[in-house]
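Trainee: structure of the sequence below:
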Amino acid sequence: MREQVNANYQTKTIKQKLLNILLVFFILFGFSNTAIAATIQNRIQQYPQWNSKPSVQLAKGDLQYPEWMAGTWNVESTLIDKVAPLAPDIVSPGFEDNDDYIDRAISFKVRFGKEYFTSPTGLLSAFKSSQPFVVADRAFNGQKIAEAYLGEENVYRVKTDPDNPNQQITFLRGERKLISKVTGRGREIPQEGEFISTELTQQLFRSPERLYLNEVETTSDYHLLDSGNIEAEQITAINLSPQDPDYFTAGDRPVALYRYHLELILDR
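Mentor: The predicted structure is shown next:
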């Protein structure tokens, strides 16, 4: 009987030691939430059945793009579908107005490159790699996209925080501005010549008349073509902020979904 008790005690002790080792491992090396969550690729395939936000990592530094996306590109972006999952109870502002953009190609330029990479700063910079990689020129891209949709006369400039590429302000006509902060992101390379990314951005629109807050998810699936050009599917999801009176009704469900088809042709 005593031998059985000792054996049970030893087994329990070994299990506890293994548990402690696993806990230390997770603390030291982290436990990737992508290992237990659906992939971004699966999420795209489930559109428009999105009932929650994507599982992402905290946004640190900038989003790293593949080498084949480096360069300046002429983009044609076409809105091919839009859905208001919680209508008619909850519809985001401007949703109906976006009918004008359905099947209408909007043209603008974007650019990516190592020259737009910003070295890490702050207390943790010593632990982060300062080796440059391909990133978006966020200020340039934001300016060109805003001008394409709002008109050049309505966009003064786009400013990105020099110490944090995840923070950006778009200054608009009439003392209006859009303050954006990327809070979370994920990226996947399912196969050679394909790149998928998702970013969560908190937005604050400020004007003399009102304040409006929301959270925007941008999920993109890029494919490199044999021609050297790129095609992409991009989905934008609008989520309410906690300050919105309908927030608890909507929860993590988006109130608007927009799906775009993108064609990127290298500006030679």
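Trainee: test my guess that residue 215 contacts residue 199.
Mentor: No: using Cβ atoms under 8 Å as the test, residue 215 is too far from residue 199 to be in contact (10.8 Å). Backbone N, C-alpha and C define where each C-beta goes, glycine included.
Trainee: is the residue nearest the centre of the chain in a bridge, and if so with what?
Mentor: In the chain, the centroid-proximal residue (Cα atoms, centre = their mean) is residue 199; its distance is 1.0 Å. Going by DSSP bridges, residue 199 is paired in beta bridges with residue 185, residue 218.
Trainee: okay, it and residue 219: tell me how far apart.
Mentor: 8 Å (Cβ to Cβ, to the nearest Å).
Trainee: which residues touch the strand or helix carrying residue 157?
Mentor: According to DSSP states H and E, residue 157 maps onto strand 155-160. With contact meaning Cβ atoms under 8 Å, 6 or more residues apart in numbering, strand 155-160 is reached by 138-140, 142-143, 146-147, 167-173.
Trainee: equivalent analysis for stretch 248-255, please.
Mentor: Looking at stretch 248-255 with Cβ under 8 Å, 6+ apart, the contacting residues turn out to be 50-53, 84-86, 89-92, 217, 237-240, 244, 246.
Trainee: just the buried residues from the residues you listed, in ChimeraX please.
Mentor: Per 16 or more other Cβ atoms under 10 Å, the buried members of the contacts of stretch 248-255 correspond to this ChimeraX selection:
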select :50,53,84,85,86,90,92,217,237,238,239,240,244
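Trainee: let's see which of the contacts of stretch 248-255 end up in helices.
Mentor: Among the contacts of stretch 248-255, DSSP state H puts none in helices.
Trainee: these two touch, right, residue 116 and residue 135?
Mentor: Yes: with contact defined as Cβ under 8 Å, residue 116 reaches residue 135; the gap is 5.3 Å.
Trainee: domain assignment for this structure?
Mentor: Recorded structural domains for the chain (assignment: automatic domain parsing) are 1-31, 38-266.
Trainee: can you redo those as a markdown table with mean pLDDT?
Mentor: What follows is those, written out as a markdown table (pLDDT from 0 to 100):
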| stretch | mean pLDDT |
| --- | --- |
| domain 1-31 | 42 |
| domain 38-266 | 93 |
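Trainee: and stretch 92-108, end to end?
Mentor: The first residue of stretch 92-108 is 25 Å away from its last residue (Cα to Cα, to the nearest Å).
Trainee: contacting residues around stretch 177-197?
Mentor: With Cβ under 8 Å, 6+ apart as the criterion, stretch 177-197 contacts 34, 39-41, 44, 54-59, 63-66, 68-69, 166-172, 198-206, 219-224.
Trainee: buried members of those residues into PyMOL, please.
Mentor: Typed into PyMOL, the next command selects the buried ones out of the contacts of stretch 177-197 (criterion: 16+ other Cβ under 10 Å):
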select buried, resi 40+44+54+55+56+59+63+65+66+69+166+167+168+169+170+172+198+199+200+201+202+203+204+205+206+219+220+221+222+224
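Trainee: I appreciate the help and will end here.
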